[in-house]
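K.L.:
need a structure here:
(one chain, ligands or ions: 1)
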Amino acid sequence: MTNPIAFVNASAVLPDQVLRDAVVICQEGKIVSVSERGSIPADAAIVDLAGRYLTPGFIDIHVHGGSGADFMDGDPRSIRQAAAAHLTRGTTTLFPTTTTGAPAEIQKMLSACQQVADVSTAKPAELEVPHIPGIHLYGPYFADDKVGCHDKGGRRDPAVEEFQHYFETGFVRVATCAAELPGAKAFYQMAAAHDCLVTCGHSNSSWSEMQSAFDAGMRHVDHFWCAMSSVPSLRTRFQVPMQASMTEFVLMNKAMSTEVIADGWHLSPELLEFAYQMKGPERLCLVTDANRALGMPAGEYIFGNQDSGSPIYSDGNVGWSSDRTSLASSIVGMDHMVRHFKNSTTAPVEHVIRMATLTPAERVGIDHEVGSVQAGKRADLLVLDTEFNIQQVYKQGRLVIDSDSTE
Ligand SMILES: [Zn+2]
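P.N.:
This next block holds a predicted model:
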């Protein structure tokens, strides 16, 4: 047995409150107790937080890359490079997210992620990465008119012969498909049977198509307001009478969750507030949707696989399509999303942290292991200052990022 770690004088951010003067004891990689001014084992290594926040590590269910690498590059080195960029920004669990691409490219990405996720084969010299419980199968099943910045040539309709191979790996945990595509129902049913968070994205679907998808197990919509249908977008599909869209379906249906890219560039403060008020902290996730330009200088980049992806541009704040007329995902980490959401909405600290931790964990079904500062869960923890800057990152009770020593 290793000696326990005792975080003392912490402002522990629990799902429903901030516990001041908290004592959080961890041992063997897990949290063993959380109390207010509780007793401290004599042999514990003490970490005095002097009132700073202790939060769960962030969980990102929608993320494409970072530090110059995209998960779709499909080799273990790139996967590590991209994942490690998020660890330094507080993400301790992430779901590498596919984009459009050939079946062989998606299979290659999946295998490389499985290899990196298998910690038993990691070498000491390799980059420390967040936990990877599985991937988000996001592309290629997008609607033709909602492909966005992703490579259109790699888009297709879902076919059982293709996607069953991905699901059979047992490593797909989040699965996206546009609801209006032929084959969507079979996709949703298989995804649900494999216990995935089943999501609809890059879609121009109507209320009735969403209802069919819901009946087949769909419960989530990717990046709310981005690459999704609206009443006006459906007018061009169905004329009159005007149809309710994904927007209304998600807002009305209490079982549906969604996510926002709260980087300050995709959505205005009132849209973030609106999403928070309408869905509540248990049905709204923060995601980064970050591409490979995260942590890199402004300039031209490729979204998706380096050889077959589509060109994008980073202005140093956000990604743009190559013609610079529409946004092409974020280039910042979850720490930025948390700070921005806190500073631009009325959501209290515990709700903002919940949306970046417990809520995504619950939606994917890993909340028994991670997502809150609670006895029995993995000691994936962050020390944040009062402005929500990352000071320390602990993975299974081990200090892996220390901003004093790295920056
Ligand atoms: Zn995305």
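K.L.:
chain neighbours aside, what residue packs nearest to Arg173?
P.N.:
Here the nearest residue to Arg173 in space, its sequence neighbours aside, is Gly134; by Cβ to Cβ, 6 or more residues apart in numbering that works out to 3.3 Å. C-beta here means a position set from N, CA and C on the backbone, and glycine is covered the same way.
K.L.:
so what's Ser330 bridging to?
P.N.:
Val318 (DSSP bridges).
K.L.:
run a quick neighbour tally on it.
P.N.:
Around Ser330 sit 28 other residues, with neighbours defined as other Cβ atoms under 10 Å.
K.L.:
contacting residues around it?
P.N.:
For Ser330, the contacting residues are 261, 263, 265-266, 288-291, 294, 318-319, by Cβ atoms under 8 Å, 6 or more residues apart in numbering.
K.L.:
list just the nearest of those residues to Asp144.
P.N.:
Asp289 (20.9 Å; Cβ to Cβ).
K.L.:
shouldn't the closest one be in contact with His62?
P.N.:
Yes: under the criterion of Cβ atoms under 8 Å, Asp289 makes contact with His62 at 5.1 Å.
K.L.:
for these two, list the residues in contact with both.
P.N.:
With Cβ under 8 Å, 6+ apart as the test, Asp289 and His62 both reach 97, 223.
K.L.:
and Asp335, how far from Arg283?
P.N.:
22 Å (Cβ to Cβ, to the nearest Å).
K.L.:
cool, and Ala175?
P.N.:
From Ala175 over to Arg283 (counting by Cβ to Cβ), the distance is 18 Å.
K.L.:
neighbour count: those two, which is higher?
P.N.:
Per other Cβ under 10 Å, whichever of Ala175 and Arg283 has more neighbours is Ala175, with 29 against 23.
K.L.:
going along the chain, name the strands of the stretch 1-150 of the chain.
P.N.:
Assigned by DSSP state E, counting those that start in this stretch, the strands in the stretch 1-150 of the chain fall at 5-13, 18-27, 30-36, 45-48, 53-56, 58-63, 65-66, 69-70, 91-96, 135-137.
K.L.:
to Ile302, which of the ones you listed lies closest?
P.N.:
Across these, closest to Ile302 is strand 69-70 (Cβ to Cβ), at 7.1 Å.
K.L.:
ok now the closest one, how far from the chain's centre?
P.N.:
How far strand 69-70 lies from its chain's middle: 16 Å, per Cα atoms, centre = their mean, to the nearest Å.
K.L.:
that strand pairs with which strands, and in what direction?
P.N.:
The strands that strand 69-70 pairs with in its sheet are strand 65-66 (antiparallel) (by DSSP bridges).
K.L.:
residues making contact with the partner strand?
P.N.:
Under Cβ under 8 Å, 6+ apart, the answer for strand 65-66 is 71-73, 81-86, 290-292, 294-295, 333.
K.L.:
would you map out the domains in the chain?
P.N.:
As recorded under automatic domain parsing, the domains making up the chain are 5-55+372-406, 58-364.
K.L.:
tell me how far the shortest one is from the chain's mean position?
P.N.:
I take that to be domain 5-55+372-406. Relative to the centre of its chain, domain 5-55+372-406 is centred 22 Å away, using Cα atoms, centre = their mean.
K.L.:
now for whichever strand or helix holds Arg363, which elements pack on it?
P.N.:
Using DSSP states H and E, Arg363 maps to helix 358-364. The contact analysis (3 or more Cβ pairs under 8 Å, 6 or more residues apart in numbering; DSSP states H and E) places helix 358-364 against strand 58-63, strand 257-261, strand 284-287.
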